[in-house]
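>>> Predicted model, plus sequence, below.
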Amino acid sequence: MKLTEARQQFISSWGAFGTHWGINRTMAQIHALLLISSDPLTQDDVMEELNISRGNTNMNIRELINWGLVERVLLQGHRKEYFAAEKDIWKVVKQIVRERKKRELEPMLQLLDKLEEVEGDKRDKNVKSFLTTVSNIKKLGNQADKTLDTMINAEENWFLNTLLKIIK
């Protein structure tokens with residue numbers, strides 16, 4: 001397989017994978033392109049390579065910056081903005097987990113805290129059933145939160161060795 005074909009397949013596949021990580025396809029494709037590029041790229045480079053509009057490119061690069069997956073790069077003697085992706089995949093995974101936790105898990109846990117304050121007679125079977133369900137989901141969510149914090153704070157080798165022990 002030639003490099004151009006492999007690059008295109010990687011970008012396309014990373015775009016599809018990104019939708020499973022909470023990132024839209026175009027955003028993931030831009031991330032893939034920046035990830036495999038040896039040098040930082042301009043917005044025009046991204047637009048041309050992926051055949052997408054300026055607005056779509058701009059919006060998705062800004063969002064990748066917000067996620068902490070891409071950074072602006074200033075090149076001396078150049079007026080245009082350049083962009084580069086974090087190349088350390090372990091850091092990328094940790095950042096995606098950190099952002100998904102912040103955007104999804106933490107708001108859910110906050111909601112569950114509020115839902116536990118439901119008014120009503122705690123002896124009523126409907127209230128009791130509701131509180132039991134909310135409590136069980138909250139316990140699972142708190143455990144997931146602790147596990148994700150451990151992963152985020154872990155070193156790559158420790159995490160992978162621990163994961164392999166669990167799988168065996």
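Yes, it's here.
>>> okay, CA-based contacts and neighbour counts for the rest of this
Will do.
>>> wait, doesn't residue 73 sit right on residue 85?
No: using C-alpha atoms under 8 Å as the test, residue 73 is too far from residue 85 to be in contact (9.9 Å).
>>> between these two, which one's more packed in?
Between residue 73 and residue 85, residue 85 has the larger neighbour count (other C-alpha atoms under 10 Å), namely 25 against 15.
>>> in the protein, which helix or strand is least confident?
Scoring the helices and strands of the chain by mean pLDDT, DSSP states H and E places helix 156-167 at the bottom, with a mean of 66.
>>> Could you say which helix or strand holds the residue nearest in space to the middle of the chain?
Centroid-nearest residue in the chain, with C-alpha atoms, centre = their mean: residue 96, separated by 2.8 Å. Using DSSP states H and E, residue 96 maps to helix 89-100.
>>> Which elements pack onto that helix?
For helix 89-100, the packing partners by 3 or more C-alpha pairs under 8 Å, 6 or more residues apart in numbering; DSSP states H and E come out as helix 54-67, helix 125-153.
>>> go again using 10 Å as the cut-off
With contacts defined as 3 or more C-alpha pairs under 10 Å, 6 or more residues apart in numbering; DSSP states H and E, helix 89-100 has these neighbours: helix 54-67, helix 125-153, helix 156-167.
>>> want to try a markdown table for those, with mean neighbour count and distance to residue 103 as columns?
Formatted as a markdown table, the helices and strands packed on helix 89-100 follow (neighbours: other C-alpha atoms under 10 Å; distance: least, C-alpha to C-alpha, whole Å):
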| stretch | mean neighbour count | distance to residue 103 |
| --- | --- | --- |
| helix 54-67 | 16 | 10 |
| helix 125-153 | 14 | 12 |
| helix 156-167 | 11 | 23 |
